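**Q** the amino acid sequence is not available; the structure is as follows:
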């Protein structure tokens, strides 16, 4: 818990200082800042509460047709592009365990099956304990799961490193979000 508070405090500090230093450019949001520059800082800061517009901007970019990278053009005062970051991102299929998360103290059940027509069914839920009953040569076993609940769902993951290769390099690590039903069209998902 203390680790997360420290990270949140660091993220909030980085965001506050970064926004104060952001150049004003011709591609400005309502409050006089470049939304793509703010997005870089907000992504690195874990999207604190003051970053709703930057998060929405990222979602609009990655879900547009055709999709764009999460971050657009961040221009400095002199009109040059800020390139002091590396961003890696990908969509997460519900057939991947990484698309679901359970709270501490619970385990994730995740199974994928496919019908004759190629449609996949994903069953995912969180549980506290699992007890198996039944033994024998026929393989008939029954598993009883206690403390079941729905998992948190994700379909997009990203990692940003600001000022890579320098002493000031910072990355919060891989983060995940549910942006929409993107990538879930040919999959039936049951959670619980």
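**A** Yep, that arrived. These numbers were taken from a predicted model, which means no experiment stands behind them.
**Q** tell me how far the ends of stretch 63-81 are from each other?
**A** In stretch 63-81, first residue to last residue: 24 Å (C-alpha to C-alpha, to the nearest Å).
**Q** list the buried ones in that stretch?
**A** 70-72, 74-75 (16 or more other C-beta atoms under 10 Å). Glycine gets a C-beta too; all of them are placed from N, C-alpha and C.
**Q** stretch 143-155 now?
**A** 151, 153-155.
**Q** and which of those is nearest to residue 169?
**A** Checking the buried residues of stretch 143-155 against residue 169 by C-beta to C-beta gives residue 154 as the nearest, at 25.6 Å.
**Q** just give the nearest non-adjacent residue to that closest one, would you?
**A** residue 176 (3.8 Å; C-beta to C-beta, 6 or more residues apart in numbering).
**Q** likewise for residue 67?
**A** residue 61 is the one closest to residue 67 (C-beta to C-beta, 6+ apart), at 7.5 Å.
**Q** for that neighbour, phi and psi?
**A** Main-chain dihedrals, residue 61, degrees, to the nearest 10: phi -70, psi -50.
**Q** I'd say residue 113 and residue 121 touch.
**A** Yes. Counting by C-beta atoms under 8 Å, residue 121 is a contact partner of residue 113 at 5.1 Å.
**Q** mind listing the strands for this protein?
**A** 85-91, 100-101, 107-114, 120-127, 129-133, 142-146, 152-153, 156-162, 175-177, 187-190 (DSSP state E).
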